[in-house]
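Undergrad: what follows is a protein structure lacking sequence information:
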């Protein structure tokens, strides 16, 4: 042993090292085979898999938002357009120390609490490469100030974008609706591909109903992007297809006149072209500014709008349900007359009330002391309740229900707006089904003057009177005049009658219309004072007064307590009319809440529409 | 006299090794041009590294192996002193103290040690009868572990590993018995939890991520996932030179340095990768040939160690880029961008060439 440590055996050492070299060679070969195997696995067997991953890495599909279709009125005025605004966005990937940068930004661009709050919320919900808007509308000086200091705000940039703008502000808010940020719930119901670039969608009104037409089709940018998500090169661009431009039947000037006519009162007005069903004006008062919703309304402001006692967000013209009141009388009279239930020469002696047999209860006429001798013509003209009580007691509910349903009550009109209510035409069957109650004869009496359970929207009132104007031909009220798609001829809304009401005796139309003319023309007519008999055009009309509260029921002396009642308890007035009588151009329904002004408002609207305009 | 020296110098060139190195470097430049996004400055600097490298290559080929053997103790001691110095007054680069500023230029003493350690160990074993006695083996371990400890403390784990490989290869060739080898392996396995305890957080991350890259796809696992995508998407023939999306769009990190093999795999595919492996193997086979026909034990051990370490650097790098091994900061020798590694390797090959070219002279 000791010997072996001393004597160096060179030959043995050479052999040893060469043997070990062989071992090393074997190990190396094994490792190389392992490497080559690994490369073969990655590059040959799994090539497809990694190729896809690689492509996903660098190939980005960047959606491009299509320009939203514009909305015009019938004369070509823009009701909703897209304006370029500069918004301050954060690119999440590039931003660092966000709170500090925002503090620095605040020194040059004022940021409201709401903007900061919304930014924080979006920050939590957004994806890695999303741009998050911080402030949507920057003034020119703010843009300039930002660019001067841009180096201080890494990850922030100014992006021009198109934003919905409503030039008429509050005037068309209910009928046009507004565009707002897409909520999570809405996101589930929309096509995710087509809305991949969209942040906004129509929430109410026309903007909602024609959302698919207005939105257009999304475009794509097929781009090469690097690991930071920045676009390096655009490979292919599929341009977005802009949304259709929509022209509405509305007359913006008429709408403004109608809005002004309300002069701060609450209510609604709907004006229809009787021979087409085109809606010329649709006003609900009070109203609100839809532009606030586009910018993103603050919770506080939204709450204020929602809880205001005047309910400015509520579209009274479409959704408001009011008792039809005496406006139903011409239709009922028409039915009775046509069925020969009543002879025009038949008259009653009105003392101001009607009493059912075997009952002590008196049903009072609106006019204390009554109208004296009343024929059907006067009954319409001066809106004699006693006359209608008398006949209704004799004929029952059947004809009343029939005619009101014929004129379109208790069913949606089919207007191109969403969530239209049906309204109610009260009937024994309806009361049993809905209220689970028995029908009394008293129900028949109050129904015949449009009270009790009767309910209709201003739109239904307008549709009914337009049908009367057309002597039975009914058109679906609609707002769309034409749609224009890019590079295509415009498509006009085709007007065909929805329904034609056939009478047994065609002269019945004229009888009722004559009586409605006297509503305005005769000194005894209910519209003589409030509408005025000096209109330079022929007009057929009917007034109505909707009792909204039990307090307004007459006291024992038959005297109205109306005068002393507070504003919000006063009766609504209704006014339906069409003009000119022989060739109707416009039919209108007006409701003035807690006010007698319905006739006056209608006068202002009709005057504007029917008198030749002074050359501007 | 001068003429005779020049002639001798010219004789110290091993044509086979020089050409193999040259072709590998040319292919490396070709890859680097693409990997650096056609950055000519990086290319120029790499050319400078190559130039300095070749100077070292020829310079280190001049002394006879006997001289190296005589200087072995001195080289080792100076390198060790420098390592201690770097711990005391070192410069920080990328979070580790590796650099020593010598005024004119900065040096990385750990690179010196890569040369010094195998030289010293080979010289030590040369003086002892082989296979080594257990006592000599323990001394060899101390000679190895002292610099390894200093380097790992910098911290530079990958250089430490390469040093252990260099030392281990000397001992393997010196005839360490298989029994001792297996005992050592067992010891290593037992010490794994201990080593784990001493690892830095980022090193632990790398190891954990190696076992499951998807654990942290945007953090530590990102490197491995992206390099596998780069190589896998290359397919059989690759995407073509300058067409690699993974590297050019910066999905592949460190694509000019440690992960440059990913660029090769992506742009030249399986065929290109095999070609690169072949270039490496031609150098390694030459190294083994020189080892086998070296004339004394010192030369044999040193040549073998250099060859094996070169192979292992290559294997560890490609293994890590292809996801076979955890991510360690080992560059692909002679291909990755970076001066110190290239210069050290060229110096090593210079010694290899010295061993080869002084063969006949000694016997003569």
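TA: Noted; the coordinates are in hand. Not measured: the values here are computed from a predicted model.
Undergrad: now name the helix or strand holding residue 222.
TA: Using chain A here. strand A:219-225 (DSSP states H and E).
Undergrad: let's do chain B instead
TA: Per DSSP H and E, residue B:222 falls inside helix B:221-234.
Undergrad: list the contacts of residue B:335.
TA: By C-beta atoms under 8 Å, 6 or more residues apart in numbering or on different chains, the contact set of residue B:335 is B:24, B:27, B:28, B:31, B:32, B:260, B:261, B:264, B:276. The way it works is simple: take the backbone N, C-alpha and C, and place the C-beta from them, glycine included.
Undergrad: among these, which are in helices?
TA: The helices, defined by DSSP state H, take in B:24, B:27, B:28, B:31, B:32, B:260, B:261, B:264, B:276 from the contacts of residue B:335.
Undergrad: columns pLDDT on top of those, output as CSV?
TA: CSV is the format used below for those (pLDDT from 0 to 100):
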residue, pLDDT
B:24, 96
B:27, 96
B:28, 95
B:31, 95
B:32, 94
B:260, 94
B:261, 95
B:264, 95
B:276, 96
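Undergrad: gap between residue B:196 and residue B:204?
TA: From residue B:196 over to residue B:204 the distance is 7 Å, taken as C-beta to C-beta, to the nearest Å.
Undergrad: nearest spatial neighbour of residue B:24, chain-adjacent residues omitted?
TA: residue B:279 (4.4 Å; C-beta to C-beta, 6 or more residues apart in numbering or on different chains).
Undergrad: cool, residue B:238 as well?
TA: Nearest to residue B:238 is residue B:269, by C-beta to C-beta, 6+ apart, at 3.2 Å.
Undergrad: next: residue A:394.
TA: Per C-beta to C-beta, 6+ apart, closest to residue A:394 is residue A:341, 7.5 Å.
Undergrad: isn't that neighbour right up against residue A:393?
TA: No. If you go by C-beta atoms under 8 Å, residue A:341 and residue A:393 don't touch, sitting 11.7 Å apart.
Undergrad: what's near enough to touch the residue of the stretch 101-250 of chain B found nearest chain A?
TA: Using C-beta to the nearest C-beta, the closest approach of the stretch 101-250 of chain B to chain A is made by residue B:232 at 2.5 Å. By C-beta under 8 Å, 6+ apart, the contact list for residue B:232 reads A:42, A:43, A:46, A:47, A:49, A:50, A:51, A:53, A:54.
Undergrad: and the residue in chain A positioned nearest to chain B, how far is that from residue B:269?
TA: Nearest residue of chain A to chain B (C-beta to the nearest C-beta) works out as residue A:50 at 2.5 Å. Distance, residue A:50 to residue B:269, by C-beta to C-beta: 12 Å.
Undergrad: contacts for the strand holding residue A:222, please.
TA: The contact list for strand A:219-225, computed with C-beta under 8 Å, 6+ apart, reads A:58-64, A:66, A:197, A:231-241, B:245, B:249.
Undergrad: that strand: partners in the sheet, and parallel or antiparallel?
TA: Strand A:219-225 has the following sheet partners, assigned by DSSP bridges: strand A:59-64 (antiparallel), strand A:231-238 (antiparallel).
Undergrad: please list the outside residues in contact with the longest one.
TA: I take that to be strand A:231-238. Counting by C-beta under 8 Å, 6+ apart, residues outside strand A:231-238 touching it are A:59, A:60, A:62, A:219, A:220, A:221, A:222, A:223, A:224, A:225, A:226, B:249.
Undergrad: identify the farthest-apart pair in these.
TA: A:219 and B:249 (23.3 Å; C-beta to C-beta).
Undergrad: those two: which is more packed in?
TA: Per other C-beta atoms under 10 Å in any protein chain shown, whichever of residue A:219 and residue B:249 has more neighbours is residue B:249, with 20 against 17.
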